[in-house]
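1. Dropping the sequence and predicted coords here.
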Amino acid sequence: MVLLMNVSELISGANAWGLSISEKQAEQFSLYGDLLLSWNRKFNLTRITEPSAVCRQHFLDSIAPMLFVDFSDRSLIDIGTGAGFPGIPLKIMNPSLKLTLLDALDKRCLFLREVAARLRFNEGDEKDEACGGCSAGSVKILHGRAEDFAASKEEKSSKRGKLKASPHLPEREIPGEPGNALRGSFDFAVSRAVAKLNILCEYAVPFLKIGGQFIAYKLDNRKVELDDAAYAMLLLGASCADNRIYTLPDVAPARALCFIKKDSATSEKYPRRAGIPEKKPL
Ligand code: SAM
């Protein structure tokens, strides 16, 4: 493949925010951009195909929480990551981040595995042969629905029966098997362009440790979404800690980040069965 996508707009945008991008990080973004645009010809990954727009609307937008949060050495799950946004740009910028990417579409997970391998995220990590190495180390890629991966073991075994294992998952991460290693285990959850905030809270909050934060990427209508999600947060043991507006160069409208903090353990009732949070939001 002829390299590389020009990422100068990302570099200048990040610099304007006080974030610096090393040569290695610039190369990783360029390669990621190349992979995104070449795979996009076969798979439907993104509607944004112009390199400068990819830089601003995917890469720069994804790293915006770095204006407010330090991700070093923290664990983070990106729910409905699609082609890897915002998780992969956050990982490029924070190499020590323990990243889990989750999406319901297997084709997107195939792309993400290629990106993780080509960007050498898991180099030096222990390989997990059970899944061809895809899910070991500091980047894990999970195919399935958030509701299934976040469900508590008790709730799952009593009501949901046995779930089918994905061939890409090592045994210990099959939802419904003893000891759900994912629930209550992340410092951060993030999600962009997946659902309304009240639905997202039901997907995300069960994954968090107490004190962890769910960062939802939203547009400037955040106040309405925050009001609509107030009851969901109460039921899930969470509350809104903050919300911030930011702008991307030459992109309207303004964007917003909602910071939802997990205050107490989430009832085992949540999340409800796959599809219910969307059909009947809390
Ligand atoms: N976050 C990416 C971005 O900002 O470009 C992708 C957004 S795309 C519009 C929404 C993604 O969420 C899709 O890839 C879809 O498969 C995934 N998704 C929707 N509901 C989901 C769920 N309940 N669990 C896991 N993934 C889900």
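-> Yes, it's here.
2. contacts, neighbours, all on C-alpha from now
-> Will do.
3. List the contacts of residue 241.
-> With contact set as C-alpha atoms under 8 Å, 6 or more residues apart in numbering, residue 241 has these partners: 259, 260, 261.
4. Can you lay out those residues as TSV showing neighbour count and distance to residue 54?
-> Shown next, in TSV, are these (neighbours: other C-alpha atoms under 10 Å; distance: C-alpha to C-alpha, whole Å):
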residue	neighbour count	distance to residue 54
259	23	25
260	25	27
261	23	30
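5. Restricting to those residues, which residues neighbour the ligand?
-> When C-alpha under 6 Å from any ligand atom is taken as the criterion, no member of the contacts of residue 241 contacts the ligand.
6. the strands in the chain, which residues?
-> If DSSP state E is used as the criterion, the strands of the chain fall at 75-79, 98-103, 139-143, 186-192, 208-219, 238-248, 251-262.
7. And the ones you listed: which comes nearest residue 121?
-> For the strands of the chain, proximity to residue 121 was assessed by C-alpha to C-alpha; strand 139-143 is nearest, at 6.7 Å.
8. The closest one vs strand 98-103, what angle?
-> Here strand 139-143 runs at 20 degrees with respect to strand 98-103, directions being taken by axes from the mean of the first three to the mean of the last three C-alpha atoms, to 10 degrees.
9. Please give me every residue in contact with the residue nearest the centre of the chain.
-> If you average the C-alpha coordinates of the chain and look for the closest C-alpha using C-alpha atoms, centre = their mean, you land on residue 78, 1.3 Å from that point. With contact set as C-alpha under 8 Å, 6+ apart, residue 78 has these partners: 85, 86, 87, 99, 100, 101, 102, 189, 190, 191.
10. Also residue 117?
-> With contact set as C-alpha under 8 Å, 6+ apart, residue 117 has no partners.
11. Quick check: nearest residue in space to residue 248, chain neighbours excluded?
-> residue 56 (6.5 Å; C-alpha to C-alpha, 6 or more residues apart in numbering).
12. what's the burial count for residue 8?
-> Here the count is done by other C-alpha atoms under 10 Å, and residue 8 has 14 residues near it.
13. what's the distance between it and residue 32?
-> Distance check for residue 8 against residue 32: by C-alpha to C-alpha, to the nearest Å, it reads 14 Å.
14. so which of the contacts of residue 78 would you say is closest to residue 36?
-> The closest of the contacts of residue 78 to residue 36 turns out to be residue 85 (C-alpha to C-alpha; 11.2 Å).
15. Distance of the closest one relative to the ligand?
-> 5 Å (C-alpha to the nearest ligand atom, to the nearest Å).
16. That residue and residue 267, how far apart?
-> Using C-alpha to C-alpha, one obtains 29 Å as the distance from residue 85 to residue 267.
17. more neighbours, those two?
-> Each of residue 85 and residue 267 has its neighbours counted (other C-alpha under 10 Å); residue 85 has more, 22 against 13.
18. Can you tell me the closest non-neighbouring residue to that one?
-> The nearest residue in space to residue 85 (C-alpha to C-alpha, 6+ apart) is residue 62, at 6.2 Å.
19. isn't that neighbour right up against residue 92?
-> No - taking contact to mean C-alpha atoms under 8 Å, the distance of 10.8 Å between residue 62 and residue 92 leaves them out of contact.
20. shared neighbours of the two, which are they?
-> In terms of C-alpha under 8 Å, 6+ apart, residue 62 and residue 92 are not both contacted by any residue.
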